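Chemist: Fold the stuff below for me.
(chains A and B)
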Amino acid sequence: MEKEKVIIVKDLVKKFGNFIANDHLNFHVDKGEIFGFLGANGAGKTTAMRILCGLSKPSSGLVEVAGFNVKTNAEDVKKRIGYMSQKFSLFEDLTIWENMRFFSTVYGMSRSNFKARGQLLLQKLNLFDERNRLVSTLSLGWKQKLAFTVAILHEPSIVFLDEPTGGVDPITRRQFWEMIYEAADDGITVFVTTHYMDEAEYCNRVTIMVDGRIDALDTPSELKKQFKAESMNEVFLSLAR
Amino acid sequence: MPLVQLIILVNAATMDMKNIHITVVDADLSSSSRLLVGKLNASHFFEVGDMAISKQDGMDRLQDNLTDVVIFIPSGMEQDMQKVGGSNVQIIADAIDASKAQLSYGYLSNIIRDLNFEISIRQKNSFDLKQIKSESLYWFNPELNYKYFMLPAVLAILVTLIGMFLSALNLVREKEVGTAEQINVTPIKKYQFILGKLIPFLIIGLLELTLGLTIGIVLYGLPINGNLSVLYSFAIIYLIAVLGIGLFISTQSQTQQQVMMISFFFMLIFILLSGAFTAVENMPEIAQQLNRLNPVYYFMNAIRMILLKGVGYSDLILEFRSIFIIACVSVSLAVISYRKTT
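Modeler: Numbering: from 1, shown residues only, chains lettered A, B, ... in the order given. Purely as a prediction, here's the structure:
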């Protein structure tokens, strides 16, 4: 059975001056998959993700997201994706509910649709009663969970998470991954970058980037077999060295 | 905060000539010279300090900043007047503050001319009276209240400052915090985004104008001779122009420091050229040409003309047209230069 591909990347190159941040990347992501994007700091993960989100233009190569070419139809892509950056970027001086309402209108959600879905998502988070709290008063863990909720509020077909669990405690990370699984069950494709190799085990498939190139791409168990490693950590270390 | 500025600045920027400190060197000690001193004393512009013994003494005081003007009455002034029919007094003014020196010279000349008349009348030299007499009438601000002139200017500057800085800083702050990127991954249109930044600050600017006007009326009795609807419609277009410039600056900047430096650069030029403090007509040709691109210049003209002269739309066609063009250009620049994708 051929799965539907929601992201297709062919020969993607991104150069900043003489520096090659992404060197001929080739991969695809299937619908409903949790796709892990691993790599050391500066390996080019964020650059690649920014290109997939239409924030940055590729120097060359073909990138198709949700059926649209990122280079020519970036705005069509943006309608169908959610994005959560490594830096917390909701409006600190608005309340939880105001932030959600703002982004729902930006994505053109109807008011009734927003009310229903917003309430549902917040209740899952146990934040509904706190919805009038200022976002700046939340702790980092809550902020990240809220940011994820906002990113999937408009029911995108793909959600991009850029190191969503950086600096977050293990319990919250665990809860966060439960949220990711729930989203995947709802049919949202999840594209996630991370440094945590234990998180890599939660992904359906992972790629490992080294110096702008993709050095490995497979399911975690296949990768472990391939590199004769006990854990993803060992896989990563043998590649990155 | 802007209110405090308004209240303080208007008083600080006032150029009313009051309490000019004057030192008299009377080497004549005649009835005429005493008449002159009496007249100076009676004028509320001048404050006659101590008499100096010699001209040198007076000069020393000028040197030491103890006085603004020295007036030297040579000995034999009265005699000369009676015999020759004329005499000289010397006025030495501290011209570090050029406008103050010029104004005090003007006031002094008036007083001395007055004195001439009186002396002539006293001597019944009727032929002396046959001269052309000029009488000045000051229109639109009959009391020559400098505050009426400065208040609209300060108001215009404050509205400009708020508009430009707030809008520019706000957008670049979003870039720094990261919310700009979050918005860039949404399908929002560029013009929607710029409008969303423009409208709130437009409202803030108008509120500020209203507040400033109220203070002007309550505290300073600022006359409103024109139609406020003309002023507000002008202010709306003007604010859009200024906000557009602010947003354009911030699309080109990455940090708040950059925005501050660039906006400062423009603000200073705009304000100093605008004629807020000095007459545009006295500026060199190149400055006057530059002013055609200066939104503050048009607003300065418009707000003063509307408030003090009470002019309507028909007299402000040039200003309206110019500011409208500037607004269109600056907002389009802001929309075009705002990049969602890098």
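Chemist: ok, how many other residues are close to the nearest residue to residue A:92 once chain neighbours are set aside?
Modeler: Nearest residue to residue A:92, sequence neighbours excluded (Cβ to Cβ, 6 or more residues apart in numbering or on different chains): residue A:136, at 3.9 Å. For glycine as for every other residue, the C-beta is placed from the backbone atoms N, C-alpha and C. Counted by other Cβ atoms under 10 Å in any protein chain shown, the residues lying close to residue A:136 total 12.
Chemist: next one: residue B:176
Modeler: Residue B:176, neighbours per other Cβ under 10 Å, totals 12.
Chemist: pretty sure it contacts residue B:256?
Modeler: Yes: contact criterion Cβ atoms under 8 Å: residue B:176 and residue B:256 qualify, at 6.7 Å.
Chemist: in the stretch 101-250 of chain B, which spans are helices?
Modeler: With helices called from DSSP state H, counting those that start in this stretch, the stretch 101-250 of chain B shows them at B:126-129, B:146-177, B:179-184, B:190-220, B:228-252.
Chemist: Would you tell me which of those helices gets closest to chain A?
Modeler: helix B:179-184 (4.1 Å; Cβ to the nearest Cβ).
Chemist: just checking, what packs against that closest one?
Modeler: helix B:146-177 (3 or more Cβ pairs under 8 Å, 6 or more residues apart in numbering or on different chains; DSSP states H and E).
Chemist: So which elements touch the helix it packs on?
Modeler: Going by 3+ Cβ pairs under 8 Å, 6+ apart, helix B:146-177 lies up against helix B:2-12, helix B:179-184, helix B:190-220, helix B:228-252, helix B:256-273, helix B:295-304.
Chemist: Of these, flag the one that's most buried.
Modeler: Mean neighbour counts were taken over these using mean count of other Cβ atoms under 10 Å in any protein chain shown, and the top value, a mean of 26, falls to helix B:295-304.
Chemist: Extract the C-alpha set from it and format it as CSV.
Modeler: The C-alpha trace of helix B:295-304 is given here as CSV (Å, rounded to 0.1, in the frame of the first residue of the first chain):
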residue,chain,number,x,y,z
PRO,B,295,6.0,65.4,6.8
VAL,B,296,6.5,67.3,10.0
TYR,B,297,6.9,70.6,8.1
TYR,B,298,3.4,70.2,6.6
PHE,B,299,1.9,69.2,9.9
MET,B,300,3.5,72.1,11.6
ASN,B,301,2.1,74.5,9.1
ALA,B,302,-1.3,72.9,9.1
ILE,B,303,-1.7,72.8,12.9
ARG,B,304,-0.6,76.4,13.4
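Chemist: residues in contact with residue 78?
Modeler: Answering for chain A, as no chain was given. A:53-54, B:185-187 (Cβ atoms under 8 Å, 6 or more residues apart in numbering or on different chains).
Chemist: wrong chain, I was asking about chain B
Modeler: By Cβ under 8 Å, 6+ apart, the neighbours of residue B:78 are B:28, B:30-33, B:87.
Chemist: shouldn't residue B:254 be in contact with residue B:175?
Modeler: Yes: Residue B:254 lies in contact with residue B:175 (Cβ under 8 Å); the separation is 6.5 Å.
Chemist: quick one, which of these two is more surrounded?
Modeler: Neighbours were counted for residue B:254 and for residue B:175 using other Cβ under 10 Å; residue B:175 has more, 18 against 11.
Chemist: For the more buried one, give me the pLDDT.
Modeler: pLDDT recorded at residue B:175 is 89.
Chemist: Same check on residue A:73?
Modeler: 88.
Chemist: Look up how far chain B lies from it.
Modeler: 11 Å (Cβ to the nearest Cβ, to the nearest Å).
Chemist: what's that residue sitting at in phi/psi?
Modeler: Note on residue A:73: backbone dihedrals following degrees, to the nearest 10 are phi -120, psi 50.
Chemist: Just give the number of residues close to it.
Modeler: 16.
Chemist: can you give me the strands for chain A?
Modeler: Ranges of strands within chain A are A:5-16, A:19-30, A:34-39, A:60-65, A:68-69, A:81-84, A:158-162, A:189-194, A:205-210, A:213-218, based on DSSP state E.
Chemist: Just send the ones you listed back as a markdown table, with mean pLDDT and mean neighbour count too.
Modeler: As requested, those are exported to a markdown table (pLDDT from 0 to 100; neighbours: other Cβ atoms under 10 Å in any protein chain shown):
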| stretch | mean pLDDT | mean neighbour count |
| --- | --- | --- |
| strand A:5-16 | 91 | 17 |
| strand A:19-30 | 91 | 17 |
| strand A:34-39 | 90 | 25 |
| strand A:60-65 | 92 | 19 |
| strand A:68-69 | 92 | 16 |
| strand A:81-84 | 93 | 26 |
| strand A:158-162 | 94 | 24 |
| strand A:189-194 | 92 | 24 |
| strand A:205-210 | 90 | 23 |
| strand A:213-218 | 88 | 17 |
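Chemist: Ok, which of those comes nearest residue B:219?
Modeler: strand A:81-84 (51.7 Å; Cβ to Cβ).
Chemist: Run me through the strand neighbours of the closest one, direction for each.
Modeler: According to DSSP bridges, strand A:81-84 forms sheet pairs with strand A:158-162 (parallel).
Chemist: For the partner strand, which outside residues touch it?
Modeler: A:6-7, A:29, A:45-46, A:49, A:52-53, A:65-66, A:80-86, A:148, A:151-152, A:180, A:183, A:188-193.
Chemist: Next: stretch A:22-35.
Modeler: Contacts of stretch A:22-35 (Cβ under 8 Å, 6+ apart): A:3-14, A:44, A:47-48, A:51, A:58, A:61, A:157-158, A:180-181, A:184, A:187-192, A:202-207, A:211-214, A:217.
Chemist: measure residue B:284 to chain A for me?
Modeler: Where chain A is concerned, residue B:284 sits at a distance of 44 Å (Cβ to the nearest Cβ).
Chemist: give me the residue from the stretch 1-150 of chain B nearest chain A.
Modeler: residue B:1 (18.9 Å).
Chemist: what about residue B:221, how many neighbours?
Modeler: Residues near residue B:221, counting by other Cβ under 10 Å: 11.
Chemist: what does the one 3 residues further on give?
Modeler: Counted with other Cβ under 10 Å, the burial measure for residue B:224 works out to 14 neighbours.
Chemist: quick one: contacts for it?
Modeler: Per Cβ under 8 Å, 6+ apart, neighbours of residue B:224: B:213, B:217, B:307.
Chemist: Pull up the gap between the closest residue to the last one other than its chain neighbours and residue A:84, please.
Modeler: For residue B:307, ignoring the flanking residues on the chain, the nearest one in space by Cβ to Cβ, 6+ apart is residue B:152 at 5.2 Å. Between residue B:152 and residue A:84 the computed distance is 50 Å (Cβ to Cβ, to the nearest Å).
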